[in-house]
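Undergrad: Dropping the sequence and predicted coords here.
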Amino acid sequence: MTLKRARWSSGRVVTLEHVSDLLRGNPWGDPHVRAVDVWLPPGYDQGAGRGRGKRYPVLFDLVGYAGAGKSHTNWRNFEENVPERAARLVHERRMAPCIIVFPDCFTALGGNQYVNSSALGPYADYLTRELVPWVDREFRTLDSRDHRGCFGKSSGGYGAIIHGMKYARCWGAIADHSGDAYFDFVYRADWPNTLDELAKYQRRPRRAGPKNVTRDQPSAPAGHDDGRVRRFLERLWKKQGKVSSQEVNCLMNLAMAATYDPDPQAPNGFLLPFDLETGELIERRWKQWLTHDPIHLVRRYRANLASLRGIYIDCGWRDQYRIHYGCRILSKRLTAAGVQHRYEEFDDTHSGIDYRMDVSLPWLSRVLG
């Protein structure tokens, strides 16, 4: 807990505006001009005249669902933000100086999973094809994959491990804190709550008494929105008051559907894995989700994973979303594939675990230095 200002050099955060060609015209009309915060470590400005000066490894912080880059650089009460944490670790000589980039990948659906999706936008390409070379041009980075890494928690942790799998040409090491894995545990059990929330937006109110489910069930094709998803979204976007936890969780599952099962021909641009009325699992749609589950991707991307300079994974064994089971399976399959990695567990939940960066950031700085 940090209650006083640090007495050591804290480096500095600069904010630049990035204009993205890839995000221009995305499906939800989200901004293609984004503010990107970048932390420059203590000593960065020394000897920097005429483009000279020391060059640094660079880390990209992939924030979790419902967050954006600035949620990790803003002031916090009773705890450090990420730049303050990194500055302290550098001061304590536990971490080598590096540059940290805080992308803004927020969307109208509350975020994304840092992958390309026709229903959300090409956020993997946005990171690897636009932001990475842009940062290398703007700052004195060690501009090779061997000195570049990404890290994140929850959806950001998912993004980190997926990028390690699919984009090893770009990243030299990754750190995955409680990243989504084992979708059968993490997502499937929460969909009944989402269906209950969406039921509030069906077109006709329910009436007590006899019901012919077959006759009265909406005629939308399997996996298609019958209108209630769109009505939920439009009401949420117009809402001025408090957004409930049930609404956020519902929005999150819709964001996951847009990530894992996009379809430009479907209402809203994506398909749903459960029948909105009966709650029946739509097997074909769920199989599509599972093709994005990290535990099923290790063998396919073994060569890419083995090429990384480091893979760090951790999770609390009381994670309320049961992600620790997925992380254990992921570690087991990495081991079976002969992929070196570091896996840790700790006594905590999914919430309030930024202190785990005290482990991952020094580790990343060592393997990327």
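TA: Here it is on my side, so go on.
Undergrad: Would you mark the buried spots in stretch 132-144?
TA: Using 16 or more other CB atoms under 10 Å as the burial criterion, the residues of stretch 132-144 that qualify are 132, 134-136, 139-142. All C-beta atoms are positioned from the backbone trio N, CA, C, and that covers glycine.
Undergrad: Would you check that Ala168 makes contact with Asp146?
TA: No. Using CB atoms under 8 Å, Ala168 makes no contact with Asp146, being 11.0 Å away.
Undergrad: Show me which of the two is the more surrounded one.
TA: Looking at Ala168 and Asp146 with other CB atoms under 10 Å, you find the greater number of neighbours at Ala168, namely 18 against 15.
Undergrad: now the more buried one: how far from Phe151?
TA: When distance is defined by CB to CB, to the nearest Å, Ala168 is 15 Å away from Phe151.
Undergrad: Could you do Val339 as well?
TA: Between Val339 and Phe151 the distance, using CB to CB, works out to 18 Å.
Undergrad: Looking at the two, which is more packed in?
TA: Phe151 (25 against 20).
Undergrad: In this structure the more buried one contacts His177, no?
TA: Yes. Under the criterion of CB under 8 Å, Phe151 lies in contact with His177, with a separation of 7.2 Å.
Undergrad: residues contacting the closest residue to Gln246 other than its chain neighbours?
TA: If you skip the residues right next to it in sequence, Gln246 has Glu197 as its closest partner in space, 5.3 Å away by CB to CB, 6 or more residues apart in numbering. Listed by CB atoms under 8 Å, 6 or more residues apart in numbering, the contact partners of Glu197 are 232, 246-247, 249-250.
Undergrad: Now find how far off-centre the worst-scoring helix or strand of the chain on mean pLDDT is within its chain.
TA: Each helix and strand of the chain was given a mean pLDDT (mean pLDDT, DSSP states H and E); the minimum falls on helix 213-216 at a mean of 75. Between the centre of helix 213-216 and the centre of its host chain there is 39 Å, according to CA atoms, centre = their mean, to the nearest Å.
Undergrad: Next: stretch 345-355.
TA: On the basis of CA atoms, centre = their mean, the separation between the geometric centre of stretch 345-355 and that of its chain is 17 Å.
Undergrad: List the contacts of that stretch.
TA: Under the criterion CB under 8 Å, 6+ apart, external residues in contact with stretch 345-355 comprise 79-80, 82, 85, 153-154, 177-178, 314-321, 323-324, 327, 356.
Undergrad: Can you select the buried ones among these for me in PyMOL?
TA: Remark: buried members of the contacts of stretch 345-355, expressed as a PyMOL selection using 16+ other CB under 10 Å:
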select buried, resi 80+82+85+153+154+177+178+314+315+316+319+321+323+324+327+356
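Undergrad: What are the contacting residues of the least confident helix or strand of the chain?
TA: Helix 213-216 is contacted by residues 277-278 when judged by CB under 8 Å, 6+ apart.
Undergrad: Would you point out the most distant pair within the buried residues of stretch 132-144?
TA: In the buried residues of stretch 132-144, two members sit farther apart than any others by CB to CB. They are Trp134 and Leu142, at 15.7 Å.
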